[in-house]
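S.K.: I would like to see how this sequence folds:
(4 chains)
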2 protein chains.
Amino acid sequence: MNVPNYPCHVGNVQQAVERLGRTLEDGGIPRMPARVFAYLLAEDRDHCTAAELAAALQVSPAAISGAVRYLIHNGLIIKDRRPSARGDLYRLVDGDVWGAMITARLPQMDHYLESLDKAVALLEPGSPGRARFEETRDCFALAREATADLAERWARHHDAHTR
Amino acid sequence: MNVPNYPCHVGNVQQAVERLGRTLEDGGIPRMPARVFAYLLAEDRDHCTAAELAAALQVSPAAISGAVRYLIHNGLIIKDRRPSARGDLYRLVDGDVWGAMITARLPQMDHYLESLDKAVALLEPGSPGRARFEETRDCFALAREATADLAERWARHHDAHTR
DNA sequence: CGGCACGTTCACGATGTCATGAATCCGGCC
DNA sequence: GGCCGGATTCATGACATCGTGAACGTGCCG
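M.R.: Numbers count the residues shown, from 1 in each chain, chains lettered A, B, ... in the order given. Predicted coordinates for the structure are as follows:
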């Protein structure tokens, strides 16, 4: 039913991976890490070798190397260096991946808030410009709170669904 | 007290603008539009010409042209083409800029959700991979809700402060 | 009506990012 | 101990992005 030699029949999995990959890209994650992460999410087996990832995503092993370094550094995946095996295994971090991702945003937003506070302090008190900057800072502060709320809500949702 | 010929004494305003500019950049807004927007926020006068922006931000008029096109297209600023004057005026959009910005994210997140639903549908029902994708979609759904809540909370905050 | 200032557009050049391919390194295996 | 598959690193090249400079178009002034 499908031409037997091109990425249309290789599996719905690929399509799903590319979909999530593009979404994560829009969220700021570089292309290749996003694809690797999406693939690990979609793959039924809970661990993959670098070679499997390279084959599945149609890229060179070098690209995988860079991508997994990014993902490990950001605490999204884990390298299981099992003894007595040629290939290292990569798998998703245990527990609540998305919760960790949300929580990781909080200190970042704190940094933004700190920077905006300094920016406000640089402006003439009482001036319209300063008022607008204060408004901006307040908005970011509220956004931070919203993110904290999301983290809590997601934690509850996650607990409820993982029993 | 400061060397009289370099961007350290030109004014605290510049520093504040660059600070907010970098923050907005991290939020996904391209560099130049971010700087222009930050400057319009910080500037006490409520409108600027393109030439003024170019001078203040130390860039060519061409760069300003591209930046304002981006900002106008995204509904953040307005071009006041006043009759009988050499220069067009740019100013912030009326009312609640940040509220508009937050609200603008909602349809975008709806798009993501829609895409993730399709991705889930592509995966084998009952498989671990599909379960993880469903979890992902649920997380995005909660994030969307959190954004909607933020929009509402900010609207209240904004109303309260602008009387 | 001629000049002029302002804004816009286009092609060029610089910059940074990213995936590739080749060389290197590390570890099991015969 | 010597191969060999797998993974990592580095330098090259492609690609996209972005700001500049020069040319064009436009609308006020003198």
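
S.K.: which residues does A:Ala141 contact?
M.R.: By C-beta atoms under 8 Å, 6 or more residues apart in numbering or on different chains, the residues touching A:Ala141 are A:Leu113. Using the backbone N, CA and C atoms, a C-beta is placed for each residue, glycine as well.

S.K.: Find the helix or strand that it is a member of.
M.R.: Here A:Ala141, judged by DSSP states H and E, is contained in helix A:128-162.

S.K.: what residues does chain A put near DNA strand C?
M.R.: Residues of chain A lying near DNA strand C by C-beta under 7 Å from any atom of the strand: A:30-32, A:58-63, A:66-67, A:83-86.

S.K.: Pick out whichever of these sits closest to chain B.
M.R.: When the residues of chain A next to DNA strand C are compared for distance to chain B, the smallest value, 13.8 Å, is given by A:Pro30; criterion: C-beta to the nearest C-beta.

S.K.: number of nearby residues for the closest one?
M.R.: The criterion is other C-beta atoms under 10 Å in any protein chain shown. On that basis, A:Pro30 has 13 neighbouring residues.

S.K.: Could you report the separation of the closest residue to it other than its chain neighbours from A:Ser127?
M.R.: Counting by C-beta to C-beta, 6 or more residues apart in numbering or on different chains, A:Tyr70 is the residue found nearest to A:Pro30 once chain neighbours are left out, at 6.5 Å. Computed with C-beta to C-beta, to the nearest Å, the distance linking A:Tyr70 and A:Ser127 is 43 Å.

S.K.: got any ranges where chain A has weak pLDDT?
M.R.: Screening chain A residue by residue with the criterion pLDDT under 70, one finds the ranges A:1-10, A:84.

S.K.: can you give me the strands for chain A?
M.R.: Using DSSP state E, the strands assigned to chain A run over residues A:48-49, A:77-80, A:89-92.

S.K.: Tabulate those (TSV), appending mean neighbour count.
M.R.: TSV is the format used below for those (neighbours: other C-beta atoms under 10 Å in any protein chain shown):
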stretch	mean neighbour count
strand A:48-49	19
strand A:77-80	16
strand A:89-92	18
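
S.K.: would you turn those strands into CSV with distance to chain B?
M.R.: As requested, the strands of chain A are arranged in CSV below (distance: least, C-beta to the nearest C-beta, whole Å):
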stretch, distance to chain B
strand A:48-49, 12
strand A:77-80, 13
strand A:89-92, 8
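
S.K.: With respect to B:Gly11, which of the ones you listed lies nearest?
M.R.: The stretch from the strands of chain A with the least distance to B:Gly11 (C-beta to C-beta) is strand A:77-80; that distance is 46.3 Å.
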